[in-house]
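A.B. asks: What would the 3D arrangement of this be:
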Amino acid sequence: MRKKIVFVLLFMAFVLELGAQNTVSSPYSKYGIGDNSSFTNTINASMGGIYNGLRRNNFVNYRNPASYSAIDTQSFVFDIGFYSNNVVLQSENATSKGNTGGISHILFAFPLSKTLKMAGGLVPVSVIDYTASESFPTDSIIGSHKFIYGGEGGINKVMLGLSYQPSFFEKLSIGLNAEYMFGNYYRSSTLSFPDSANFLSSRVEYNYSISAFNFNLAMQYSQKFTNGDALTIGANYVLPTHIPTQNQYRHYTFTYNAAVEIVRDSVQYENTEGSIELPQSFGVGLSYERKNKFLVGLDFGYAQWSEFSLQGIRYPEILKDNYTFNAGAEYKPDIYGNYFEKIAYRFGVNYQTGMLSLRNTDISQIGVSLGFGLPIKKQGTQVNIYLEYGKQGTKANNLIREDYFRVGISFSAKDRWFFKRKYQ
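C.D. replies: Prediction:
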């Protein structure tokens, strides 16, 4: 049974990777550090993105490092996930479709002692992928010409986290993630004269290489009742981060020959140093759980994007503070019943006021999600699948509405490693 499920997992991951070849990302990834809405653990995503009050012993809830304390003292947990994001972009005059996808997370966790647990992994933070153009009609002197704007890149992070649950007060857990962020941000603007041999096209390119550490502090307080139910309250705080950047600036001219660009001259070439200032953010949430039966949870988050700056420039007229609201639930019909009754059924909703305000219009986002936790024979190990539909932006005021349909799959494996066998 396990071999069949692993085969299905690998096949679906292969399909997701194939679908990612036709890439159309959000045009709103032009702003801030790019689109960061696709990356989270599959279990969190299927329940509307809740995480602050969520703690389990068979998956890594990396967004609240205090939750690592729920890992068993004799277990090793490994979690890997993939996603596919299918996008439809609509304006008043045009429609475009495409897909992005890849690995959403690689995570692990294990105990150092009864009170101290460790976790780590690799998680994408954001993706930047946009193209926009503005064409002008043919002129009798210079022919047609157009402006083209583009960007690509993104940020990833390698993290290592600790959670401490004091033996004298086991209701409380505190946690810390140390995160090393790295990546690049490339953007360009081009003035093109494709029909004229008398005018040189020109392009300006900026490439920012990113490398910095970030820290996430968290806590959880879990109160168990006499009937076995548990109420968990959690919070996390991400410190504002100064990210030094290595900048490359290029300005050159080129011509076209059979649709191939031929560089003619380098106008300016410069290497400098700069910085990106990431804002602080925090979140609070709670969950109520009846073990092996149901869980309901609520989350609230805040990110101070009005304080974001790129190379010393702030954008208060575009970037604003973002508020997020998440709600989700999980239900298991009967863990001792047939296979379908053992499945964990998950659903959730999420809403963001949005970090962007363009043409006096807030770019908000709303989504609904559905997920399934498919158990395999070994206790604590499962395949998780989630589906999410949502929309961002609007077609009003000559803007773009983005409808997305995300599919995610992850494999959460829990194994007993740290124990001494009585019999060999």
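
A.B. asks: okay, CA-based contacts and neighbour counts for the rest of this
C.D. replies: Fine.

A.B. asks: How many neighbouring residues does the closest residue to Ile33 other than its chain neighbours have?
C.D. replies: Distances taken as C-alpha to C-alpha, 6 or more residues apart in numbering put Ser126 closest to Ile33, at 6.6 Å, once the chain neighbours are dropped. Ser126: 20 surrounding residues under other C-alpha atoms under 10 Å.

A.B. asks: from now on call the first residue 38
C.D. replies: Got it, first residue is 38 now, which makes that one Ser163.

A.B. asks: how close does Ser163 sit to Ser66?
C.D. replies: 9 Å (C-alpha to C-alpha, to the nearest Å).

A.B. asks: list the residues that contact both of those two?
C.D. replies: Taking C-alpha atoms under 8 Å, 6 or more residues apart in numbering as the contact rule, the neighbours common to Ser163 and Ser66 are Asp72.

A.B. asks: Next, the buried residues of stretch 196-215.
C.D. replies: Within stretch 196-215, the residues that count as buried by 16 or more other C-alpha atoms under 10 Å are 196-202, 209-215.

A.B. asks: and those, which two are the farthest apart?
C.D. replies: Met196 and Leu209 (22.7 Å; C-alpha to C-alpha).

A.B. asks: Point out the other helices and strands that the helix or strand hosting Glu367 packs with.
C.D. replies: Using DSSP states H and E, Glu367 sits in strand 359-368. In terms of contacts (3 or more C-alpha pairs under 8 Å, 6 or more residues apart in numbering; DSSP states H and E), strand 359-368 is packed against strand 331-340, strand 381-389.

A.B. asks: got the ones you listed as JSON lines, with distance to Asn123 columns?
C.D. replies: What follows is the helices and strands packed on strand 359-368, written out as JSON lines (distance: least, C-alpha to C-alpha, whole Å):
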{"stretch": "strand 331-340", "distance to Asn123": "26"}
{"stretch": "strand 381-389", "distance to Asn123": "18"}
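
A.B. asks: So which of those is the most surrounded?
C.D. replies: With neighbours defined as mean count of other C-alpha atoms under 10 Å, these peak in mean count at strand 381-389, which reaches a mean of 23.

A.B. asks: tell me the helices in the stretch 338-461 of the chain, going along the chain?
C.D. replies: Secondary structure of the stretch 338-461 of the chain by DSSP state H, counting those that start in this stretch: the helices cover 376-379.

A.B. asks: Tell me where the model's unsure across the stretch 38-187 of the chain.
C.D. replies: For the stretch 38-187 of the chain, applying pLDDT under 70 flags the ranges 38-62, 74-76, 173-180.

A.B. asks: Strands of that one, start to end?
C.D. replies: 112-127, 132-148, 153-176, 180-201 (DSSP state E, counting those that start in this stretch).

A.B. asks: Which of these has the highest mean neighbour count?
C.D. replies: For the strands of the stretch 38-187 of the chain, the highest mean count by mean count of other C-alpha under 10 Å goes to strand 112-127, at a mean of 22.

A.B. asks: I figured Gly85 was touching Ile403, is that so?
C.D. replies: No: taking contacts as C-alpha atoms under 8 Å, Gly85 lies outside contact range of Ile403: 10.1 Å.

A.B. asks: Could you check which of these two is surrounded by more residues?
C.D. replies: Neighbours were counted for Gly85 and for Ile403 using other C-alpha under 10 Å; Gly85 has more, 28 against 19.

A.B. asks: pLDDT score assigned to the residue nearest to the more buried one when sequence neighbours are not counted?
C.D. replies: Nearest residue to Gly85 in three dimensions, chain neighbours excluded: Gly385, at 3.9 Å (C-alpha to C-alpha, 6+ apart). Looking at Gly385, its pLDDT is 97.

A.B. asks: secondary structure element for Phe252?
C.D. replies: Per DSSP H and E: strand 238-261 holds Phe252.

A.B. asks: Buried ones in stretch 343-357, by neighbour count?
C.D. replies: Here stretch 343-357 shows 343-347, 352, 355-357 as buried, counting by 16+ other C-alpha under 10 Å.

A.B. asks: For my notes, please list the residues you listed in TSV and give distance to Ile422 for each entry.
C.D. replies: Listed next are the buried residues of stretch 343-357 as TSV, based on distance: C-alpha to C-alpha, whole Å:
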residue	distance to Ile422
Ser343	35
Glu344	36
Phe345	34
Ser346	37
Leu347	37
Tyr352	38
Ile355	36
Leu356	33
Lys357	33
